[in-house]
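Asks: My questions are about this predicted structure, shown below with the sequence.
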Amino acid sequence: KKVERKTRKCKFTGVRIKVVKPVGGGDVRRELFAEPKTFGDVKCQGCLKGHREKDIVLCDGCDAGWHLFCMTPKMQAVPEGNWYCSGCVARRARDRARRRLAVSVLEAKRRKEGG
């Protein structure tokens, strides 16, 4: 089975990612090509600095890092559980809205066909 292999740099973490795509279709796999050397290699998306690592929170959706004090509104402590950046929150909301719309369209079609 032939596969097409490419690497690209993650725009958030700077990590090289290997993209493996089967020729002729199929699922695309993304694998880490090289991991960051240290947590300090992750930079805050607000100030673009990597200092004060203990105050950087990583998004559970895209792995983007943010200092607690660079967020709007500022956070006082690292949150427990999952945390999502504003971009991922918006993306997740759009995805939920699209799913709800698709379900309502299907339900409308069923009602129209049935009645």
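Replies: Everything's here; your move.

Asks: residues of stretch 97-112 that come out buried?
Replies: Within stretch 97-112, no residue is scored as buried using 16 or more other C-beta atoms under 10 Å. In short, each C-beta sits where N, CA and C put it, glycine included.

Asks: So the nearest residue to Ala77 once chain neighbours are set aside versus Leu58, what's the distance?
Replies: With C-beta to C-beta, 6 or more residues apart in numbering as the criterion, Ala77 has its nearest non-adjacent residue at 7.3 Å, and that residue is Leu68. Distance of Leu68 to Leu58, given as C-beta to C-beta, to the nearest Å: 12 Å.

Asks: For this protein, name the helix or strand with the lowest mean pLDDT.
Replies: For the chain, using mean pLDDT, DSSP states H and E, the weakest element among its helices and strands is strand 29-32, scoring a mean of 48.

Asks: next SSE after that strand?
Replies: strand 56-58 (DSSP states H and E).

Asks: Each with direction, which strands does that next one pair with?
Replies: Strand pairing for strand 56-58, using DSSP bridges, gives strand 65-67 (antiparallel).

Asks: pLDDT of whatever helix or strand comes next after the partner strand, averaged?
Replies: Later in the chain than strand 65-67, the nearest helix or strand by DSSP H and E is helix 86-114. Helix 86-114 carries an average pLDDT of 89.

Asks: One more: stretch 44-57?
Replies: Here the average pLDDT along stretch 44-57 is 86.

Asks: So which bits of that stretch are buried?
Replies: Result for stretch 44-57 [16+ other C-beta under 10 Å]: buried residues Cys44, Gln45, Gly50, Asp55, Ile56, Val57.

Asks: Quick one: these as a markdown table, columns for distance to Lys74 too.
Replies: Putting the buried residues of stretch 44-57 into a markdown table (distance: C-beta to C-beta, whole Å) gives the following:
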| residue | distance to Lys74 |
| --- | --- |
| Cys44 | 13 |
| Gln45 | 15 |
| Gly50 | 19 |
| Asp55 | 10 |
| Ile56 | 14 |
| Val57 | 12 |
